[in-house]
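J.: Please find the sequence and the predicted model below.
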Amino acid sequence: MLCCMVLVAGCSLSRPERAEVAENPVTGAEIAVTTLDAPLPATATPPEVIPPAKPEPVMPEPAKPEPEILPVPADPPPLVMTPEEQACFEKGGLWGAVGSGGTACMYPTRDAGKQCRKESDCDGYCLARSGTCAPYTPMFGCNEIVQDDGVVVTLCID
């Protein structure tokens, strides 16, 4: 508390009468100090008005070339199938990539999604995780299936 009193005692609330006029080190003339709300002296000249610079002309961007339109063939080329693919499609199968980079035919099952308790309840496999018949056969990869005797085994086909 005493510390604050000493600091306040050292402060002065009065304004100085007028600061000394110093010489401007750049121009050598005196620096005159005026308040912002004081009127301009009669001898003051209005500030020089500088006209705005003329904008530089904007050059138009070069025209972009028209995209090339390629001709569309009248008929797409015929789909070439191997004899295995052809036989798969004729039997209602789907030919596609399976396992580790190979291709094979997969047949949709008639009872896909039906509830099952053992393999003989389904056209394909009885999936242990969902208790439903597999959507297609064969099921590539590793799948847990329920055998006819009710035992759950992991079947891996690559």
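T.: That came through fine.
J.: from here on, contacts and neighbour counts on C-alpha atoms
T.: OK.
J.: Quick check: what element follows the least confident helix or strand in the chain by mean pLDDT along the chain?
T.: When the helices and strands of the chain are scored by mean pLDDT, DSSP states H and E, helix 2-9 comes last with a mean of 46. Remark: after helix 2-9, the chain's next helix or strand is helix 83-90, criterion DSSP states H and E.
J.: Name the surrounding residues that touch that following helix.
T.: For helix 83-90, contacts defined as C-alpha atoms under 8 Å, 6 or more residues apart in numbering pick out Leu94, Trp95, Cys105.
J.: following it, which helix or strand shows up next?
T.: Remark: after helix 83-90, the chain's next helix or strand is strand 94-98, criterion DSSP H and E.
J.: Report all helices and strands that that next one contacts.
T.: Packing partners of strand 94-98 (3 or more C-alpha pairs under 8 Å, 6 or more residues apart in numbering; DSSP states H and E): helix 83-90, strand 102-108.
J.: Glu119: neighbour count?
T.: Glu119: 22 surrounding residues under other C-alpha atoms under 10 Å.
J.: For it, what are phi and psi?
T.: phi -60, psi -40 (degrees, to the nearest 10).
J.: got it, and Gln115?
T.: Note on Gln115: backbone dihedrals following degrees, to the nearest 10 are phi -60, psi 140.
J.: Distance-wise, check the residue most central in space within the chain relative to Arg129.
T.: Nearest to the geometric centre of the chain sits Pro67, at 28.2 Å (C-alpha atoms, centre = their mean). Note on Pro67: its distance to Arg129, by C-alpha to C-alpha, to the nearest Å, is 54 Å.
J.: Ala74 now?
T.: On the measure of C-alpha to C-alpha, Ala74 and Arg129 end up 50 Å apart.
J.: Okay then, goodbye and thanks.
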